[in-house]
Every structure is written in structure tokens, then in C-alpha cells.
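A.B. asks: requesting a structural model of the entry that follows:
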Amino acid sequence: MDKLVDSESIKEFRRLIEESSKIVLTCHVRPDGDAVGSTLGMAHLLHSIGKEATVVLPDKAPANLSFLPGYKEMGVYTCHPDFCRKTVEDADLIICCDFNTPSRQDSLAPVIQNARCRKVLVDHHQEPERFADLMISYPDMSSTCELMFRLIAGMGFYADMGLDSATCILTGIVTDTRNFTVNCKHPDLYEILIRLLEKGVNKETIVKESLNTRSYWSLKLEAYAISEKMEVFPAHKASVITLSKEELDRFNYEKGDSEGLVNRPLEIKGMVYSIFLREDPDCIKVSARSCDGFPVSEICKDLYGGGGHVQAAGGEFYGSLEECRQLLIDAMPKYDKYLKKVK
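C.D. replies: This is a model prediction of the structure:
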């Protein structure tokens, strides 16, 4: 396996773990498979080497991840703030997974940032803010879980990794690569898959539960979104889906129900990028995906103060859903220049 991670960072990470007894792992708001997989996966590994490790989430993880071992033991700040604050205060090391700026933790951010203990960032998003004592950031990784596996192996803990840890780590890789179909830059990612399968992981179960299992209302919502709300702009090779709060309520929307919706228009032949605008209670949530190297991260950064990966990005808009939609449509010609560079 290629040694892509700086050896000094690996040594420092192991030293911090060895010097700590109570460790908290945390991630971004609206946690996805990679966020939950990397925190839970590392927590199980830490348990196996005798450390007290607790996962503290900003808010609830989606139900499609409930099959993961340790799912019910995670602390959720929006549900149990006192427990989460006390756990963070008592920690002597905090491992921040899968986010590049404290603001992505929403109301949990000040609790984590005000903690007096040392902090480590393990992340794969672009342009991270320097808020941790040890910054381990590799944007060209497929997922934070890929990076976490490389760290575990590099620190010499692979032999200590059990089935629970391996299951969580592979779940993050599977969800962020859509089952090894996108973001697979490094060929040895498949060697990582082999090493995790050697631990007894059931990949079929992970794919079924995390990608191919959904509620009745979630399926109805997607069908409505595609048939009634998807707009296609052939001249720009773009698609836009908008869903208002009223429409979400009509389909009994729950967190995670629209997961993967932004990817569906990319199945249309010739489509290069897709953007999904969802009306949340406090803002318009923007999700963007693309193929062929088209930089949707530029659109999210320019229009919505966001960012992310070149082909997978997001942001937020504070205004009406129609204003958000029109801003995007008016700006599309500006980004046509990137269409000439797609592979």
C-alpha cells in the first residue's frame, strides 16, 4: 500500500492516543456514512487497545446507518446536551472527523472548541481551518474513512482492529464512493477493501443497508422530485431539483430521506452536474454533484459560501427558495467554461 500519509503525523497521532485515556470523537452536523463510520470505527479501535472512547454527534445520524455497531451508544448533542458537554469537558483528547471548519458542527462547535484538551483533525475536505493541535488533512482521499484506515495501519493498530471497527470504516468508504463508483483516485483503495474484508466484514449488508434501503415516504419523495421538480438545462449540461418545506412535509420528510437524490440526474446521458436545493427551517441547503471533473465546488463557493470536493460540494443560502434557484440559473453561463475542460 502506498504510504500517502506523512509519517511524522502518524507518529504524533499515536503519541497523543497513548498519552490519553478518555477520548472523544466528533464529526459534522447532519452526519453521513463517512462521518459516522470514521468516528465509530476509530472508537471501536480505541476500545480494543484499552481506551475509553465516546462518539459525540452534533445531531442525530440518519436511520439508514442504524445497523452500525455502536449506533445507539453515540451521544447526540441536540438530545442530551448535558451529557455531551460533560463528556467533552472530561476528555483529554478530541478527534475531529470529516469536517474542515468548526462552523460545520453548528451548536456543538463552541463546546468542542472551548475544550482545554488537545485536538486532532482527520479529514478529507479542501481548505481546512487550523483549529486543531494536529492537522491530518488529505483532500485527495476518497473519504475520511479511507484516511482513518491508513492512519490505523500506519500506527501499527491493524492487528487490533476488530469486525465492528472494520464494518464502520468500510461503510464510510462505501457511502462516500457510492460503492466504489466515484472518488476512487488511489488504486490501493481496493487493497484497503481486501484488508477490511479479511476482518470478516459483510460488504453486501453494508451496501444494502446504507445505500439501497429506504422508507416508503423517502421513495415517494424521490419519485415526486424527479418527475415533478427536476429541471434540465441542456445548454449547460446541468440539472436542478428544488423541494420546499411544504413539499417535504407532504411526504413526511425525515432526516436522510433525500440522501442520494442529487446524484440521480447524473444518470441522464450527457448530464455533467446536478444541484439539489432543499428548504430547511433556517436556510436553503445546497447539495451539488458532478462528473468528468466539473468543479461544482466553485459554484458552491461563489454563490453559497460553501465548498467541498471538486465533484461533491455544498453550501447554504439565506433567502427564499426561488431566489436561491434563480441565482443559480442566472450564474450557469459563467461556469460553461469548465465544460470545455471535462474529460
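A.B. asks: how far away is residue 31 from residue 164?
C.D. replies: Relative to residue 164, residue 31 is positioned 18 Å away (Cβ to Cβ, to the nearest Å). Where you see a C-beta, it was placed from the backbone N, CA and C, and this is true even at glycine.
A.B. asks: what about the two, which has more around it?
C.D. replies: The neighbour comparison of residue 31 against residue 164 (other Cβ atoms under 10 Å) goes to residue 31, with 28 against 20.
A.B. asks: once you drop chain neighbours, what's closest to that one?
C.D. replies: residue 61 (4.9 Å; Cβ to Cβ, 6 or more residues apart in numbering).
A.B. asks: ok, and the closest non-adjacent residue to residue 40?
C.D. replies: Distance criterion Cβ to Cβ, 6+ apart; nearest residue to residue 40, sequence neighbours excluded, is residue 168 at 4.2 Å.
A.B. asks: equivalent analysis for residue 60, please.
C.D. replies: Using Cβ to Cβ, 6+ apart, the nearest residue to residue 60 is residue 76, at 5.5 Å.
A.B. asks: would you map the helices across the stretch 1-150 of the chain?
C.D. replies: Taking DSSP state H, counting those that start in this stretch as the test, the helices found in the stretch 1-150 of the chain are 7-18, 33-48, 81-90, 109-113, 144-154.
A.B. asks: meant to ask about the stretch 201-343 of the chain
C.D. replies: 203-210, 216-224, 245-250, 296-304, 321-331.
A.B. asks: tell me the helices and strands packed up against the last one.
C.D. replies: What it means is helix 321-331. Contacts defined by 3 or more Cβ pairs under 8 Å, 6 or more residues apart in numbering; DSSP states H and E place helix 321-331 against strand 238-243, strand 273-279, strand 284-290, helix 296-304, strand 312-317.
A.B. asks: before we move on, what about the third one?
C.D. replies: Judged by 3+ Cβ pairs under 8 Å, 6+ apart, helix 245-250 is in contact with strand 273-279.
A.B. asks: could you rerun that using 10 Å?
C.D. replies: Using 3 or more Cβ pairs under 10 Å, 6 or more residues apart in numbering; DSSP states H and E as the contact criterion, the elements in contact with helix 245-250 are helix 216-224, strand 273-279.
A.B. asks: what's in contact with that helix?
C.D. replies: Contact with helix 245-250 is made by 217, 220-221, 224-225, 228-229, 243-244, 253-254, 257-258, 278-281, 321, as judged by Cβ atoms under 10 Å, 6 or more residues apart in numbering.
A.B. asks: report the buried residues of it.
C.D. replies: 247-248 (16 or more other Cβ atoms under 10 Å).
A.B. asks: for it, give the mean pLDDT please.
C.D. replies: The pLDDT scores in helix 245-250 average 97.
A.B. asks: starting at the chain centroid, how far to it?
C.D. replies: 25 Å (Cα atoms, centre = their mean, to the nearest Å).
A.B. asks: touching, residue 338 and residue 272? I think so.
C.D. replies: Yes - under the criterion of Cβ atoms under 10 Å, residue 338 lies in contact with residue 272, with a separation of 8.6 Å.
A.B. asks: what touches both of the two?
C.D. replies: Counting by Cβ under 10 Å, 6+ apart, the shared contacts of residue 338 and residue 272 are 237, 290, 292-294, 296.
A.B. asks: quick revisit: most tightly surrounded among the helices of the stretch 201-343 of the chain?
C.D. replies: helix 296-304 (a mean of 21; mean count of other Cβ atoms under 10 Å).
A.B. asks: hey, C-alpha coordinates of it in CSV?
C.D. replies: C-alpha atoms of helix 296-304 as CSV (Å, rounded to 0.1, in the frame of the first residue of the first chain):
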residue,chain,number,x,y,z
VAL,A,296,-19.2,22.2,-8.6
SER,A,297,-17.1,23.3,-5.6
GLU,A,298,-16.6,26.6,-7.4
ILE,A,299,-20.3,27.1,-7.8
CYS,A,300,-21.0,26.4,-4.1
LYS,A,301,-18.1,28.6,-3.0
ASP,A,302,-19.1,31.5,-5.3
LEU,A,303,-22.8,31.5,-4.8
TYR,A,304,-23.5,29.9,-1.5
